[in-house]
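A.B. asks: Provided below for reference: sequence and predicted model.
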Amino acid sequence: MSWVPRQILEGIGAPRVSRMSFRVADGRTVERETSLVIFRVNGASSGVPVVIAEPGDGQLLGATALEALGYGVDPVNLRLIPHALLAM
């Protein structure tokens, strides 16, 4: 899931949806609130769940948002690349 700072989400009036537990990169488990927002990237739009990041948390455009928008990551050229959505 994407991690977006609380200040940004409050600024756009994003609703709080639930509180969930997450394991973070250093192995700790933290609880954070979640929200639903519409992401727009390179002309594509989609509603996606996001984690409301607290001060000290990182910011992240997560795989859930990328997949919903129809993008993948090209790590060599540091860019997003369009890909076909899969219906499975």
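C.D. replies: Perfect, I can see it now. Residues are numbered from 1 along each chain as shown.

A.B. asks: the strands in the protein, which residues?
C.D. replies: With DSSP state E, the ranges of strands along the chain come out as 2-5, 16-23, 29-41, 44-53, 71-74, 79-82.

A.B. asks: any chance of TSV for the ones you listed, columns mean pLDDT?
C.D. replies: TSV is the format used below for the strands of the chain (pLDDT from 0 to 100):
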stretch	mean pLDDT
strand 2-5	97
strand 16-23	96
strand 29-41	96
strand 44-53	96
strand 71-74	92
strand 79-82	92
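
A.B. asks: wait, which of those strands is closest to residue 60?
C.D. replies: strand 2-5 (4.4 Å; CB to CB). Every C-beta, even on glycine, is put in place using the N, C-alpha and C of the backbone.

A.B. asks: quick one: contacts of that closest one?
C.D. replies: Residues outside strand 2-5 that contact it (CB atoms under 8 Å, 6 or more residues apart in numbering) are 35, 37, 39, 48, 50-53, 57-62, 64-65.

A.B. asks: could you turn the buried ones of those residues into a ChimeraX selection?
C.D. replies: Provided next is the ChimeraX selection string for whichever of the contacts of strand 2-5 are buried by 16 or more other CB atoms under 10 Å:
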select :35,37,39,48,50,51,52,53,57,61,62,65
